[in-house]
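Asker: one predicted model, sequence on top.
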Amino acid sequence: MKRNVMRTMSLAFAGIMAAGALTACGGNNTAATTAAPAEQTSAAGESAAEEATAASGEKKVLKVAMECAYAPYNWTQPDDSNGAVPISGSSDYAYGYDVMMAKKICDELGYDLEIVKLDWDSLVPAVQSGKVDCVIAGQSITSERQQMVDFTEPYYYASIITLVKSDGDYADAKSVADLKGVTCTSQQNTIWYDSCLPQIEDANILPAQESAPAMLVALESGKCDAVVTDMPTGMAACVAYPDFKLLDFSGTDGDFEVSDEDINIGISVQKGNTELLDALNSVLDKMTEDDYKEMMDKAISVQPLSE
């Protein structure tokens, strides 16, 4: 900015000096010759103004929706500790893996970030209607969701696990088959509830819980003997509830049958919004699974002990 102003002043001074020299020489084209430096000065001034406007212009605001109640992906807290971001229309703040990812994306793309707190079932409709630009909320990239919204490349890969009480009847289960007859539940409208729980033989499947915290409370309170969720949620839960035990059957013949789309977590945008989709993917393309793991480990380490 300072450099452009000095350049403008220099050009103006040069124009004045040139005009004076031509007048002293008695030239007949004084007006014509002085017009050129004046035009140059004007052009330089306009260029400086344009650059100043660009420099001070308002940034694009990326409106990102999430539950703010799904640790370690996202949660609500009362202050901005650890880099938490204000929740739109609230005195509270949001943080977690999803917020960390949203901040990185905005830093890379030069956007300002606005976090919009919505319940789980409102996330897809919000991005469909354009109320928000995207959803970063631990969403699996399922074929059903892909009919309603477009997804980025995965920004996390989350295996399916089971949580039980460490002193419960199913604490020593080594496979899905060992969970036979278990009373269980999970979060509504997730692959965990819709696909995984029905794979347990003779399971007593309770009504779906409205949120991840509600699911965990059901296990802690004894309403059920097991919940099925993903690895990050399970790891975070074991920090918040030390009496929980995480059962991981992945890599064995006794695991839940799930596809890659069930465990790939993506960012959803409005159908056809290729400009935003490409921008988001340009950031994710620079990251590795190790980057995701490091970020998730940090989120788990600073999560609240309870929601």
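Answerer: Thanks, I have it. The structure presented is a predicted model; accordingly, all values stated were derived computationally and were not measured. Numbering: from 1, shown residues only.

Asker: show me where this protein has strands.
Answerer: Assigned by DSSP state E, the strands in the chain fall at 61-66, 75-77, 85-86, 93-95, 112-117, 134-140, 149-151, 156-157, 160-165, 183-185, 204-205, 226-230, 244-247, 264-270.

Asker: grab the CA positions of stretch 273-286 and hand them over as CSV.
Answerer: Provided in CSV are the C-alpha atoms of stretch 273-286 (Å, rounded to 0.1, in the frame of the first residue of the first chain):
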residue,chain,number,x,y,z
ASN,A,273,-21.9,-26.5,-6.0
THR,A,274,-18.7,-27.5,-7.8
GLU,A,275,-16.9,-24.3,-7.0
LEU,A,276,-17.0,-24.8,-3.3
LEU,A,277,-16.5,-28.6,-3.6
ASP,A,278,-13.4,-28.1,-5.6
ALA,A,279,-12.1,-25.5,-3.2
LEU,A,280,-12.6,-27.8,-0.2
ASN,A,281,-11.0,-30.7,-2.0
SER,A,282,-8.0,-28.6,-2.9
VAL,A,283,-7.3,-28.3,0.9
LEU,A,284,-8.0,-31.9,1.7
ASP,A,285,-5.8,-33.1,-1.2
LYS,A,286,-2.8,-31.6,0.6
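
Asker: flag every buried residue along it.
Answerer: 273, 276-277, 279-281, 283-284 (16 or more other CB atoms under 10 Å). C-beta here means a position set from N, CA and C on the backbone, and glycine is covered the same way.

Asker: with pLDDT and distance to residue 176 added, can I get those in JSON lines?
Answerer: What follows is the buried residues of stretch 273-286, written out as JSON lines (pLDDT from 0 to 100; distance: CB to CB, whole Å):
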{"residue": "273", "pLDDT": "98", "distance to residue 176": "39"}
{"residue": "276", "pLDDT": "98", "distance to residue 176": "39"}
{"residue": "277", "pLDDT": "98", "distance to residue 176": "36"}
{"residue": "279", "pLDDT": "98", "distance to residue 176": "40"}
{"residue": "280", "pLDDT": "98", "distance to residue 176": "35"}
{"residue": "281", "pLDDT": "98", "distance to residue 176": "35"}
{"residue": "283", "pLDDT": "98", "distance to residue 176": "37"}
{"residue": "284", "pLDDT": "98", "distance to residue 176": "32"}
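
Asker: picking up where we left off before, nearest to residue 304, out of the strands of the chain?
Answerer: Checking these against residue 304 by CB to CB gives strand 75-77 as the closest, at 5.9 Å.

Asker: contact partners of that closest one?
Answerer: Identification of contacts with strand 75-77 by CB atoms under 8 Å, 6 or more residues apart in numbering yields 68-69, 84, 87, 92-96, 117, 303-304, 307.

Asker: partner strands of it, with direction?
Answerer: Strand pairing for strand 75-77, using DSSP bridges, gives strand 93-95 (antiparallel).

Asker: circling back to that earlier point, in TSV, list the strands of the chain along with distance to residue 294 and mean neighbour count.
Answerer: Formatted as TSV, the strands of the chain follow (distance: least, CB to CB, whole Å; neighbours: other CB atoms under 10 Å):
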stretch	distance to residue 294	mean neighbour count
strand 61-66	20	22
strand 75-77	19	22
strand 85-86	20	16
strand 93-95	16	25
strand 112-117	21	19
strand 134-140	17	25
strand 149-151	23	22
strand 156-157	12	18
strand 160-165	20	24
strand 183-185	32	23
strand 204-205	36	14
strand 226-230	18	26
strand 244-247	20	19
strand 264-270	16	24
